[in-house]
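Visitor: sequence plus the predicted model coming up.
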Amino acid sequence: MPELPEVQTVVNALKDDLVAHRIVHIKPIWPKVLYNFKPNDIIFDGKENLIRDVTRRAKFIIIHFQSYILAVHLRMTGKLFFSASDIIPKHTTAVIDLDSGEKLIFQDTRKFGRIYLYPDLTPIHIRHGPEPLGKNFSTKWLHQALNERKRNIKSLLLDQSFIAGLGNIYVDESLWASGIHPCSISDAIPAIVIKNLHGNIQKILSAAIAAKGTTIINFSFLNGQSGRYASQLRIFGRYGQPCINCGRDIEKIKVAGRGTYICTNCQNTYITKR
DNA sequence: CCATGAACCTGGTCGC
DNA sequence: TGCGACCAGGTTCATG
């Protein structure tokens, strides 16, 4: 599923065709897809249902209306794309009809994805850390935040309430680029390494956005278009292949409950724990 | 405070 | 070809 770069890519692709149009109907196909509202809770009066903007916060696609927002979370396998056809694709969990006649299809094989209705962004902001590409994410902040806790670094970077938008792929990429073992304890990482980590997170996310995200196996979005960052992955998914930096075989272990790719030669600057 | 595992779902892959 | 085990880019909740 999409992490920050993939969600941003979806937002960039959909925005122009959504803004200034109206939602005329929202139809749940999978009963649980509308997390906290019913279709009729949206006001279809011509002013309230006009889409004002489409943005991203954390891994949410935010559709802005005058008095509320719709927040779409794609979770693992969700996809959001336009369709002009009357045929509803397999695994569609919701259909949003627009006044343009197009439909916004929410397709989600594993059905984990949800759509939320909120008055504004507050409920999302309070449960999420800073945007890694935003100005609140500074080296200083990261250093202090890591030192205030004693947590496994991978688990911490995956924690959306700590920092928003990172997922399994980009955490592995960022830790490898920084020479940090994913089992490192947050407050044991030296300042200079934290500085590198900060820069690498921003560099990797920016490059991934520029490449329109990563595609692994089945993940595709945007009407079949897929991202090009897959070819730039340095560590993720490269089990058994030589490390680009040192040539040692890349290993796969489990950290924070997630499959984790590491080069034990390059990622050895961590302190504690194995 | 932190770590772990299960739950939510479906489908693909791998080994036998 | 079939079947079971295991895995998957995420998040939340219960438990120790």
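Guide: Good, I have the coordinates.
Visitor: A:F37 and A:L80, how far apart?
Guide: A:F37 sits at a distance of 18 Å from A:L80 (criterion: C-beta to C-beta, to the nearest Å). No exception for glycine: its C-beta is placed from N, CA and C like everyone else's.
Visitor: try A:V255
Guide: 30 Å.
Visitor: between those two, who's got more neighbours?
Guide: A:L80 (25 against 21; other C-beta atoms under 10 Å).
Visitor: quick one: that one is in a strand?
Guide: Yes. Membership of A:L80 in a strand is supported by DSSP: H, G, I helix; E, B strand; the rest coil.
Visitor: so for stretch A:155-169, what gets flagged as buried?
Guide: A:155-159, A:162-169 (16 or more other C-beta atoms under 10 Å).
Visitor: residues from the stretch 1-150 of chain A in reach of DNA strand B?
Guide: Applying C-beta under 7 Å from any atom of the strand, we find that the stretch 1-150 of chain A lies next to DNA strand B at A:32, A:90-91, A:109-112, A:149-150.
Visitor: redo these as TSV? Include neighbour count.
Guide: Conversion of these to TSV gives the following (neighbours: other C-beta atoms under 10 Å):
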residue	neighbour count
A:K32	11
A:K90	7
A:H91	17
A:T109	14
A:R110	12
A:K111	17
A:F112	16
A:R149	14
A:K150	12
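Visitor: can you redo those as JSON lines with secondary structure?
Guide: Listed next are these as JSON lines, based on three-state DSSP:
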{"residue": "A:K32", "secondary structure": "coil"}
{"residue": "A:K90", "secondary structure": "coil"}
{"residue": "A:H91", "secondary structure": "coil"}
{"residue": "A:T109", "secondary structure": "coil"}
{"residue": "A:R110", "secondary structure": "coil"}
{"residue": "A:K111", "secondary structure": "coil"}
{"residue": "A:F112", "secondary structure": "coil"}
{"residue": "A:R149", "secondary structure": "coil"}
{"residue": "A:K150", "secondary structure": "coil"}
